[in-house]
Structures are given as C-alpha cells and as structure tokens.
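Enquirer: sequence first, then the predicted structure, then my questions.
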There are 2 protein chains.
Amino acid sequence: MSDQTPAAGRFSGDSAAGGERSTGAPANGSEPRNIPDATVARLPVYLRCLVDMAETKTVTASSERLAEMAGVNAAKVRKDLSYLGSYGTRGVGYEVDNLIVQISRILGLTQDWPVVIVGIGNLGHALANYKGFAARGFRVAALVDADGSKVGEALGGLVVRHLDELPQIAADEHVAIGIIATPAPAAQDVADRLVASGVSSILNFAPAIVTVPPSVSVRKVDLSIELQILSYHQQRRGFAAIADAAAHSGSYGAVPEVASASQVDVSRAADA
Amino acid sequence: MSDQTPAAGRFSGDSAAGGERSTGAPANGSEPRNIPDATVARLPVYLRCLVDMAETKTVTASSERLAEMAGVNAAKVRKDLSYLGSYGTRGVGYEVDNLIVQISRILGLTQDWPVVIVGIGNLGHALANYKGFAARGFRVAALVDADGSKVGEALGGLVVRHLDELPQIAADEHVAIGIIATPAPAAQDVADRLVASGVSSILNFAPAIVTVPPSVSVRKVDLSIELQILSYHQQRRGFAAIADAAAHSGSYGAVPEVASASQVDVSRAADA
DNA sequence: TAGATTGTTAATCGATTAACAATC
DNA sequence: TAGATTGTTAATCGATTAACAATC
C-alpha cells in the first residue's frame, strides 16, 4: 500500500506496485488471490459495464462486447477476468449476473464500508451530498472538520463533528476508509490522525503528497495534476499543428492549436 | 490520447500508453520531445515539490531530496528529469528555480488554458469555486448546464450559460479544456458536444466511460472506482488478519480486519 | 584532490497483446 | 458437426531500478 495514485495514477497518478509474487492460484471460495494492480484498477470499470448490461436485461456478455464498453481490448478483458477464476463459457461468453457477483466479491463490495469525510469545504460538501456512495456499499458514517465554526452544521443527514473526536468516531463507527478533503497544508496532519485512529485506507483529494506507514493504502485524486497532464498533450498538439502547417504551408483556420501531425504522432495519455 | 484514466490510474488509473516511439532526443528550445506517459504524470508532482522548496528559499535540490518529497525513488527522479534535458549539476543537484521553469515549459503551463465546466451540480459548484485553478494557469472561462433553471445563476464571478451555447462559448473563449461534472447518463452527449465545439482535452468526473476521437485526450477522475480499489486492499487486509489470527491462535481485539499476514502479503496499490 | 551527485546503461520486472488450442 | 469464444501461452513492450562512470 502506501502508494500515491494517480493518475494517473495513477494515476494515475502514480502507480507503484510491489511486494507480492503472483501465484496464479485458481479461484476458490472467498480466498484472496494475487491480482495485478492494473487488473484491480480495471475491475470496477468492468463491474460498471456489467451493471449497465444487467439493467438492459443482457444475460451474457462476450469479452469482445465488454471490452468495447470498457474501452479496452478483448484480450485484456479475458486476461483480467482469468485472475478471478474460470467464470466464462467457451463459445458463449460470461454470464452477466454471475460476473457481477464474482467481481463484487473480489473487490469486497459485498460488505458495508463506513467512510469518514474530513474537511467540509466546497469539496467536502459535494462529497457529503454525493448519492453514488451508498449504491456501492460506501456509507458516509461521519463528517469532520477542524474549524469549530463548521462543527454542528447539518449536512446530508449528518452533523459535522470536530477533528479531535476522530479517534472516538472511528472506533464507534468502525471506519475503514477516510477521505481527505482539506486544504493541502492540513493533509499530512489529517492523514496522521486517521492512521492513529485505525483507518487503513485513505482517499486524498488535497493537492499534497501524504506519507503513511506501509500497512496503509493511500490513493490520490488530484485535479491540478490531471489538468497539467492534459496541458502537456494539448501543448503537444499545438506544436504538431505548427509543424504540420509549416510543412504544408497551409492554414487550419479557426482552431490553430488542433490538428494532426505526421512527424509527432498523437499518443494515448497515461493513467491508471 | 483517448484514454481513460484512472486511477488506476489512472486507474490510472488507467494507463494505456501507445503510439509514439521515444527517440531520446535532447532538449532544445521549445520543441516537443517524446516523454514517457509515466514520466509526464509525475512531472506535476515534482513541480509542486519544487514550488514548495522555492517558497522556503531552497536554491538547489538533489534527486534524493526531491524523491523523498515526491514519494518516489531517486533513480526515478533522475531518469524522469533526464527526459527534459541536462539541467542538473553533478556533485551539486538541480537549481530549483530553473527546474520549475523547465518543467512548467514542458507541461505547457507558461500559457493560459481557458476551461469550461459542464454540469453545475454539487461538484460543479465546488469546482467553480476552487481557487487552485488560476494559480496554475487554468482559467475557468465559462460554466454551462443543460438545466434551464440553473442558467443565469451567478457563481464564482461567472454566470451559468446553457449547454446549447457551448459552440459559441468555446469559440469566443478559445476553450481548450472541458470538465464534465454531469451525472453519468449525460456524459457521452456532453463529450460529443465538447468535441464538436473544438475542445480537444477533457477531464471527466462523471462515473461513465466516454468515447472520443483519437485526436482528443480524456482523463477520468472517478470517485467510485478509487473507493472500490481501496475496498479490495482493505478486504485483503481483513483476510490477512484472519489467516494470521488463525495461525497464531491469538486475538487482535477491537479492529479484527487489520493485521499482517504471512501467507498473503499486503501489496502496494496500483495507480498511475 | 576528495566528496557528492548527476546522467546513462543495462538488468529486471510488470503489463499488454496476438495467437491459438481447448471446448462449449 | 461447425461456429464461436474462452483461457492461456509466449512474445513484446514500457517502466522501474541498481549500479557506476562522468564530472562538478
């Protein structure tokens, strides 16, 4: 754990993988197996596609169809799903309902995960009001802020409590996941408090790198970093357009920064 | 382009890389070079660390120091920075101010990027009020919503306009980057409209995969996916604790789902 | 000069992908 | 049986990392 996403990692962010050796052990009951990080990051995407399919009464899905919906290639889908076990039928495909069950089980979505949101600013408000949590088994159990003037505020059926109460709240509510939605300077302190309170998974929205013990998972969602990555590619297109225009002595008219290039090809952006 | 981050991703999310062949060409003026996706995703992180250093009047930074702040290893920092050119001094380190200039230039941050936010719900409000944009050269140029009842609302110094006006707005404001903050069902339509309006970089916050032409970059920020990845690792720790408790016939008391394991080791999470 | 630190090489590792035998 | 599609293998590719010569 202890990695910083990103986007890109991934991250996307980032993306360090480490530790375990994959054994390729077959699926069996509810035992944990070693699934590559890149695969784990795609399982929620497949799950969402399968749920969409189930809603339109689709009974089976081929790797080809699932790949198309998920925006990846079919070989990757089959390889990814093979880590879960053999849940497909040759010549037929995967049974949608069963695959939903299997992926949910592997991801731990069959249980409830109480979440605490720390930092009730603009983003904290948006998160507290977000309806998508409950649908996936993530229950917002508490809202916390260091600012006394915010304590007591009612929001999304909860009342904001003080950061100092975090250890008590975490214990009472069995909080497993903490979301940091504070300004950057507060992020490390909040992460330390979360860890001290027994929270071992953290989703960090603050534009700061937080350091945690190796037994804790951190994922980072960083708007500025995503925009800067887009800026890089956007700028690259601009250069390509200029090079192209120069080469052809032509004009691209109204949108000078968008064009194709022969020399510098337009690549896919990184993520994960 | 056309990849879906992730977070796994950047996933990261996701993380597909493709297309171009790296030539290892040296830095020279403002020419675009081929920088690996994984490196591009880390440059904004280094930039943030360097800006923090500059604020505390640090003049030079070694790869070791920068690595520590960024949460990566020093070899990676040196390799990443080597793609920009040779801006370090052996035996000394990197000059902080100069490196800020070089990374900013490579990322295209020396110019202004007008941004349009589509979807003014909870998240859209939070984004519209976010102060971190301007600081990095991302100027919110327009706010747009499909809901007529939101049109005309004043927010963060702007007035919300109707989605149908997007082509005009994009042209007038030279919008380069579109942020999708709508509910999932609207995301693909909005992406299509952005592309049709000439926007070639998209940051998608909606929990949906959007498909765009190859010349357009998409990065995905998906809260549910990040939480589900954390859930996987959290669950894994739970299994590990159980296996460990069984092996030692001991009790872990109040937090049964957290412990270390011999058999199933706890790995780092993916990201990118 | 001695110490420090970069920039680069080469080994290693993990992820992707095409191909195809297995089999429904 | 014929057609379709999985599950797996093996090749390839990109990213990470340790090591060290270059050099300030």
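Expert: On my side now, so go ahead. Numbering: from 1, shown residues only, chains lettered A, B, ... in the order given.
Enquirer: so residue A:111 is in contact with residue A:137, correct?
Expert: Yes. With contact defined as C-beta atoms under 8 Å, residue A:111 counts as touching residue A:137 (6.7 Å). All C-beta atoms are positioned from the backbone trio N, CA, C, and that covers glycine.
Enquirer: so which bits of chain A are right by DNA strand C?
Expert: Counting by C-beta under 7 Å from any atom of the strand, chain A comes close to DNA strand C at A:17-18, A:36-39, A:72-73, A:75-76, A:78-79, A:89-92, A:272.
Enquirer: more crowded one of residue A:111 and residue A:137?
Expert: residue A:137 (17 against 14; other C-beta atoms under 10 Å in any protein chain shown).
Enquirer: three-state assignment of the residue in the stretch 101-250 of chain A positioned nearest to DNA strand D?
Expert: Minimum separation of the stretch 101-250 of chain A from DNA strand D (C-beta to the nearest atom of the strand) falls at residue A:102, amounting to 10.8 Å. Following DSSP: H, G, I helix; E, B strand; the rest coil, residue A:102 is assigned to helix.
Enquirer: correct me, but it touches residue A:85?
Expert: Yes. With contact defined as C-beta under 8 Å, residue A:102 and residue A:85 form a contacting pair (7.1 Å).
Enquirer: neighbour-wise, which of these two wins?
Expert: Per other C-beta under 10 Å, whichever of residue A:102 and residue A:85 has more neighbours is residue A:102, with 20 against 14.
Enquirer: and the more buried one, how close does it get to residue A:88?
Expert: From residue A:102 across to residue A:88, the span is 11 Å (C-beta to C-beta, to the nearest Å).
Enquirer: which bits of the stretch 1-150 of chain A sit near DNA strand D?
Expert: Going by C-beta under 7 Å from any atom of the strand, the residues of the stretch 1-150 of chain A near DNA strand D are A:14-16, A:18, A:61-64, A:74-75, A:78-79, A:81-82, A:86-94.
Enquirer: quick check: pLDDT value at residue A:191.
Expert: Looking at residue A:191, its pLDDT reads 98.
Enquirer: once you drop chain neighbours, what's closest to it?
Expert: Counting by C-beta to C-beta, 6 or more residues apart in numbering or on different chains, the nearest residue to residue A:191 once its immediate chain neighbours are dropped is residue A:210, at 4.1 Å.
Enquirer: what about the one you found, which helix or strand?
Expert: Residue A:210 belongs to no helix or strand when assigned by DSSP states H and E.
Enquirer: all strands of the stretch 1-150 of chain A, in order?
Expert: Under the criterion DSSP state E, counting those that start in this stretch, the stretch 1-150 of chain A contains strands at A:7-12, A:60-61, A:88-89, A:93-95, A:113-118, A:138-145.
Enquirer: who are the packing partners of the second one?
Expert: Right, strand A:60-61. For strand A:60-61, the packing partners by 3 or more C-beta pairs under 8 Å, 6 or more residues apart in numbering or on different chains; DSSP states H and E come out as helix A:37-55, strand A:93-95, helix A:96-107.
Enquirer: tell me which of the ones you listed sits most buried.
Expert: Greatest average neighbour count among the helices and strands packed on strand A:60-61 goes to helix A:37-55 (a mean of 23), per mean count of other C-beta atoms under 10 Å in any protein chain shown.
Enquirer: mean confidence for that one?
Expert: Helix A:37-55 carries an average pLDDT of 98.
Enquirer: how near is residue A:166 to DNA strand C?
Expert: 33 Å (C-beta to the nearest atom of the strand, to the nearest Å).
Enquirer: same thing with residue A:165?
Expert: 39 Å.
Enquirer: residue A:89 pairs with what?
Expert: Going by DSSP bridges, residue A:89 is paired in beta bridges with residue A:93.
Enquirer: ok, how many other residues are close to the closest residue to residue A:106 other than its chain neighbours?
Expert: Leaving aside its chain neighbours, residue A:106 sits nearest to residue A:84 (5.7 Å; criterion: C-beta to C-beta, 6+ apart). By other C-beta under 10 Å, 20 other residues sit near residue A:84.
Enquirer: residue A:84 touches residue A:103, doesn't it?
Expert: Yes. Using C-beta under 8 Å, residue A:84 is in contact with residue A:103, at 6.9 Å.
Enquirer: still on that earlier bit, mind pulling up the pLDDT for the residue nearest to residue A:191?
Expert: 97.
Enquirer: with residue A:202 instead?
Expert: 98.
Enquirer: and if you look at residue A:26?
Expert: You'll see residue A:26 listed with a pLDDT of 36.
Enquirer: likewise for residue A:244?
Expert: 65.
Enquirer: likewise for residue A:205?
Expert: What the model reports as pLDDT for residue A:205 is 97.
Enquirer: residue A:109 reaches residue A:135, doesn't it?
Expert: No. Applying C-beta under 8 Å, one finds residue A:109 not in contact with residue A:135, separated by 10.3 Å.
Enquirer: those two: who's more crowded?
Expert: Neighbour count, other C-beta under 10 Å: between residue A:109 and residue A:135, residue A:109 has more, with 22 against 10.
Enquirer: what residue, apart from its backbone neighbours, is nearest the more buried one spatially?
Expert: residue A:137 (5.1 Å).
Enquirer: and the residue of chain A nearest DNA strand C?
Expert: Chain A approaches DNA strand C most closely through residue A:91 (2.3 Å), counting by C-beta to the nearest atom of the strand.
Enquirer: what about that residue, how many neighbours?
Expert: 6.
Enquirer: same thing with residue A:217?
Expert: Neighbour tally, residue A:217, other C-beta under 10 Å: 27.
Enquirer: repeat that for residue A:154.
Expert: Other residues lying near residue A:154 total 9 when counted by other C-beta under 10 Å.
Enquirer: what residues are up against it?
Expert: Shown in contact with residue A:154 (C-beta atoms under 8 Å, 6 or more residues apart in numbering or on different chains): residue A:160.
Enquirer: phi and psi next, for it.
Expert: Note on residue A:154: backbone dihedrals following degrees, to the nearest 10 are phi -90, psi 140.
Enquirer: sorry, back to before: my read: the residue nearest to residue A:191 touches residue A:218, true?
Expert: Yes. Look at residue A:210 against residue A:218 with C-beta under 8 Å: they come within range, at 6.2 Å.
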